[in-house]
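Colleague: sequence unknown, structure follows:
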């Protein structure tokens, strides 16, 4: 079975818009694979805001690679903590 990445990307976008953090993470990984780090980071930040811990780990790696500012990483970390505390 041949994979249709365009179709997969569309469905991940739809799920992400609907609030699914794993779909948001998948989009971030794909964007990073294409070198679109700004978009990658936005997806990871949104997933972290939804309380998805894997997103925080991905942001940490992006921070260590110089793709995320200290300020943005700190903001995402605080938003993640607020989301976790709210559940």
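Modeller: Ah, there it is. Note that this is a predicted model, so its numbers are computed, not measured.
Colleague: in space, what's closest to residue 28 - neighbours in sequence excluded?
Modeller: The spatially closest residue to residue 28, leaving aside those adjacent along the chain, is residue 43, at 3.4 Å (C-beta to C-beta, 6 or more residues apart in numbering). C-betas here are computed from N, CA, C, even on glycine.
Colleague: thought the one you found was touching residue 16?
Modeller: Yes. With contacts counted by C-beta atoms under 8 Å, residue 43 reaches residue 16, the gap being 7.3 Å.
Colleague: Provide a list of residues in contact with the most centrally placed residue in the chain.
Modeller: In the chain, the C-alpha nearest the mean C-alpha coordinate belongs to residue 44, at 1.9 Å (C-alpha atoms, centre = their mean). Contacts were defined as C-beta atoms under 8 Å, 6 or more residues apart in numbering; by that measure residue 44 touches 24, 25, 28, 55, 58, 59, 62, 76.
Colleague: rerun at 10 Å
Modeller: Under the criterion of C-beta atoms under 10 Å, 6 or more residues apart in numbering, the contact partners of residue 44 comprise 24-25, 27-29, 31-32, 52, 54-62, 67-68, 76.
Colleague: need the pLDDT of it.
Modeller: Confidence at residue 44, expressed as pLDDT, is 97.
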